[in-house]
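[1] Structure for this input, please:
(chains A and B)
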2 protein chains.
Amino acid sequence: MRVVNTIADMTRLRAAFGAETLGFVPTMGYLHAGHLSLVRQSVAENKCSVVSIFVNPMQFGPSEDLERYPRDLERDFSLLKPLGLDIVFVPDVGEIYPPAAQHGTTVTVYGPTERLEGAMRPGHFTGVATVVAKLFNIVRPTRAYFGQKDAQQVAVISKMVSDLNFPLDVIACPTLRESDGLAMSSRNVFLTPGDRATAKFISGGLFAAEALWQAGERDAAVLESVVRESLRRGNFVNIDYVAVVDPLTFDPYTPGSTAALIAVAARVGTTRLIDNILLSCVSRL
Amino acid sequence: MRVVNTIADMTRLRAAFGAETLGFVPTMGYLHAGHLSLVRQSVAENKCSVVSIFVNPMQFGPSEDLERYPRDLERDFSLLKPLGLDIVFVPDVGEIYPPAAQHGTTVTVYGPTERLEGAMRPGHFTGVATVVAKLFNIVRPTRAYFGQKDAQQVAVISKMVSDLNFPLDVIACPTLRESDGLAMSSRNVFLTPGDRATAKFISGGLFAAEALWQAGERDAAVLESVVRESLRRGNFVNIDYVAVVDPLTFDPYTPGSTAALIAVAARVGTTRLIDNILLSCVSRL
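    Just a heads-up that it's a prediction; the model follows:
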């Protein structure tokens, strides 16, 4: 496993891989088991694998948690080392956004960016799409792996790849969860023990909605109210949204359409958490 | 020379070229000697060469000349055939902008897009950058060739390539001119004989400004007034701009900076023409 810090080195090593399949897992570091599952899948499916670690300032709003976002490169390296990947690409901010690129070029995805996270975090998805476009051009993967936990990000990147004809496949991988159901996230480190006990009401609500869905419920308002009820039991004060949407367009779910996703964003203590569950289109009824 | 109409075929043929150098000349067709000089340079410098012909609706404003833009594919093919290139990629609009991509993803370049053509044609450079990003991802060139006649486009594409880390070189090639100095352009076909006689006052003004520059003049207002004087002699009514700018940023020229470009846009009859001259930073004095 080679640690690479510059675009020039990354480009040179990429060229040496030639036409072999290359799997790419872009991350912001502070890795957890969810990230590691993406890396394992990439290593299993591709001849070479690259993980990037870059906390992208462009996707954080001015009042968001860029400064306190957790970072621990040595820990990340020791977690990655046993997995058999080829390269960890760890550029610094000046490498990705040199002065000339700061009033630079942006990639903006329309459609799935407009609701939920897009509405709550103006500019967030333009920051995500721009840095991922840059990383795709630097790493030139055959396949890129993203966690379904960030479902809207998956939809946005998939749309960007399709709209801009990037020659690669986007692979969404299942959310990994703690034993009580909490979706794994680097931000979970901020949760106090009290927050931690509260946080499980998010996934608890999603599981309850999923059970209702599997029992045949298709009314979005009913499914959403089950999640809100769970959040109320957890004494959540700040709920950004609870919504049943189309998993590709993030438009509101319309009964009869073939796929749905129920998504939540809420604040526990000082930490904003998101989670979602894909609702199978095959009902058990 | 193979004519390819679909992205799928282009992608397959591109993969077969492998790691060889690939030169790419994106055009809107109705080729003239300027285009052909780009193709010749590409063929000379690369193992394989691809020309695209695509009149990109996204870069035309609602009141612009998309509908009447000249098209003659058979003529284009016969001009290209003797040049020894490998592929002419001729997608239709539905191939480049399928319904799913119509409220899609845009690439926006800041900086050099904001003045001159960018100010006169809102959205134009986002349309150019987006389609060129798509074509770069489909064709994956080593080198891409653009005519210096569209100087601001060269600056915009160069900045996009740098900002988004596209793994290719942008090569700007000299403007070719008719014997009276008129810059070659597909739109010259619209000029009536009267327009044609008038049009030469554009390049005439630029050459006069260049001569002054070479004699040591560095006052942008003086250089611009020489061009305006020539346009007045040609009885130009609609002058969009005459400006001395930095050739990379398109900010106004500041005396002492190492490079300058003098650019003109003006209307002759129903046709809008642009032209420019790069002013050497080495004075003859």
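
[2] C-alpha from now on. contacts and neighbour counts both.
    OK.

[3] Show me chain A divided up by domain.
    Domain segmentation of chain A under automatic domain parsing yields A:2-173, A:186-278.

[4] Do me a favour and get the end-to-end distance for the shortest one?
    Spelled out, it's domain A:186-278. 21 Å (Cα to Cα, to the nearest Å).

[5] I'd like the average pLDDT over it.
    When pLDDT is averaged along domain A:186-278, the result is 95.

[6] cool, the longest one as well?
    Across domain A:2-173, the average pLDDT comes to 96.

[7] And that domain, how far out from the chain middle?
    10 Å (Cα atoms, centre = their mean, to the nearest Å).

[8] The closest residue to A:Pro70 other than its chain neighbours: neighbouring residues, count only.
    Take A:Pro70 and drop its neighbours on the chain: the residue closest to it by Cα to Cα, 6 or more residues apart in numbering or on different chains is A:Tyr30, 6.2 Å away. When neighbours are defined as other Cα atoms under 10 Å in any protein chain shown, A:Tyr30 has 22 of them.

[9] Repeat that for A:Pro82.
    Quick note: A:Pro82 (other Cα under 10 Å) scores 9 neighbours.

[10] Tell me if stretch A:9-20 is near chain B.
    Yes - among the residues of stretch A:9-20, A:Gly18, A:Ala19 lie within reach of chain B under Cα under 8 Å from any Cα of the partner chain.

[11] could you pull out the helices for chain A?
    A:7-17, A:33-45, A:73-80, A:93-96, A:117-120, A:124-139, A:151-163, A:193-214, A:220-233 (DSSP state H).

[12] which of the residues in the first one are buried?
    Within helix A:7-17, the residues that count as buried by 16 or more other Cα atoms under 10 Å in any protein chain shown are A:Ile7, A:Met10, A:Thr11, A:Arg14.

[13] Run through the residues that contact the last one.
    It refers to A:Arg14. Residues in contact with A:Arg14 (Cα atoms under 8 Å, 6 or more residues apart in numbering or on different chains) are A:Val139, A:Arg140.

[14] how close does it sit to chain B?
    The gap separating A:Arg14 from chain B is 11 Å, by Cα to the nearest Cα, to the nearest Å.

[15] Roughly how far does that residue sit from A:Glu95?
    Taken as Cα to Cα, the span from A:Arg14 to A:Glu95 is 17 Å.

[16] ok, now the second one?
    Note on A:Met10: its distance to A:Glu95, by Cα to Cα, is 12 Å.

[17] One more: the third one?
    Between A:Thr11 and A:Glu95 the distance is 13 Å, computed by Cα to Cα.

[18] again with A:Phe17
    For A:Phe17, the distance to A:Glu95 - Cα to Cα - is 22 Å.

[19] neighbours of A:Arg140, just the number please.
    23.

[20] Kindly report the same for the one 3 residues further on.
    Here the count is done by other Cα under 10 Å, and A:Arg143 has 20 residues near it.

[21] got it, and the one 4 residues further on?
    Other residues near A:Gly147 number 20, with proximity taken as other Cα under 10 Å.

[22] dump the residue contacts of it.
    A:Gly34, A:His35, A:Leu38, A:Val154, A:Ala172, A:Cys173, A:Pro174, A:Thr175.

[23] same thing but 7 Å
    A:Ala172, A:Cys173, A:Pro174, A:Thr175 (Cα atoms under 7 Å, 6 or more residues apart in numbering or on different chains).

[24] Equivalent analysis for A:Leu273, please.
    Neighbours of A:Leu273 in contact, by Cα under 7 Å, 6+ apart: A:Ala265, A:Ala266, A:Arg267.

[25] Also A:Tyr145?
    A:Phe24, A:Val25, A:Leu38, A:Val170, A:Ile171, A:Ala172, A:Cys173.

[26] The last one against A:Ala151, yeah?
    No - the pair A:Cys173 / A:Ala151 is not scored as a contact, 9.9 Å apart, by Cα atoms under 7 Å.

[27] More neighbours: those two, which one.
    A:Ala151 (25 against 18).

[28] Look through the stretch 151-285 of chain A and state the residue closest to chain B.
    A:Leu164 (4.7 Å; Cα to the nearest Cα).

[29] Not counting sequence-adjacent ones, nearest residue to that residue?
    B:Lys134 (4.7 Å).

[30] distance of the one you found from A:Val107?
    12 Å.

[31] When those two are compared, which one has more neighbours?
    A:Val107 (24 against 20).

[32] I figured the more buried one hits B:Thr106, correct?
    Yes - with contact defined as Cα under 7 Å, A:Val107 counts as touching B:Thr106 (5.8 Å).

[33] Quick check, A:Phe89 in contact with A:Val51.
    Yes - shown here, A:Phe89 and A:Val51 form a contact pair, counting by Cα under 7 Å, at 6.1 Å.

[34] more crowded one of those two?
    More crowded of A:Phe89 and A:Val51, by other Cα under 10 Å: A:Val51, with 27 against 23.

[35] tell me the contacts of that one?
    A:Phe24, A:Val25, A:Pro26, A:Ile87, A:Val88, A:Phe89.

[36] isn't A:Ile277 right up against A:Ile262?
    Yes - A:Ile277 lies in contact with A:Ile262 (Cα under 7 Å); the separation is 5.5 Å.

[37] which parts of the stretch 101-250 of chain A sit against chain B?
    A:101, A:103-111, A:133-134, A:137-138, A:160, A:163-167 (Cα under 7 Å from any Cα of the partner chain).
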